[in-house]
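S.K.: this is the structure alone, sequence omitted:
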């Protein structure tokens, strides 16, 4: 007998995690209430707590870090294209 995996929405996960973080009920009680395995609730809670500090990072600094990564990738692409262009020019005989 095969069972299909349940896919829970982000809103549902958030509601379950908020209840788990509050700590008013045990994970077993929450599992019974929301029809989710307690280990899954613990994983969602752990993920939420790990990602929580990122929510409060200043948006201006976050953009600069992603921009630096984009710039690095673009410079690498430019370098590859320049080498390829030089090779093609040499092959055709334009560069001697």
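M.R.: Nice, I can see it. None of these values were measured; they are calculated from a predicted model. Residues are numbered from 1 along each chain as shown.

S.K.: please pull out the lowest mean pLDDT helix or strand from this structure.
M.R.: Lowest mean confidence among the helices and strands of the chain (mean pLDDT, DSSP states H and E): helix 59-92, at a mean of 82.

S.K.: off-centre distance for that one?
M.R.: On the basis of C-alpha atoms, centre = their mean, to the nearest Å, helix 59-92 is displaced by 24 Å from the centre of the chain it belongs to.

S.K.: and residue 32, how many neighbours?
M.R.: Using other C-beta atoms under 10 Å, residue 32 has 12 other residues around it. All C-beta spots, glycine's among them, are computed from the backbone N, C-alpha and C.

S.K.: what does residue 33 give?
M.R.: Considering only other C-beta under 10 Å, residue 33 is surrounded by 11 other residues.

S.K.: hmm, residue 26 and it touching each other?
M.R.: No - with contacts defined as C-beta atoms under 8 Å, residue 33 does not count as touching residue 26, sitting 10.5 Å away.

S.K.: overlap of the contact sets of the two?
M.R.: Shared between the contact lists of residue 33 and residue 26 (criterion: C-beta atoms under 8 Å, 6 or more residues apart in numbering) there are no residues.

S.K.: which residues touch residue 21?
M.R.: Contacts here follow C-beta under 8 Å, 6+ apart; on that basis residue 21 touches 45, 48, 49.

S.K.: any idea how far the helix or strand containing it is from the middle of the chain?
M.R.: Assessed by DSSP states H and E, residue 21 sits inside helix 10-22. Taking C-alpha atoms, centre = their mean, the mean C-alpha location of helix 10-22 is offset from the chain mean by 19 Å.

S.K.: one more: stretch 32-45?
M.R.: Here the centre of mass of C-alpha atoms in stretch 32-45, compared against the chain's by C-alpha atoms, centre = their mean, lies 21 Å away.

S.K.: for it, measure first residue to last.
M.R.: The separation between the terminal residues of stretch 32-45, taken as C-alpha to C-alpha, to the nearest Å, is 16 Å.
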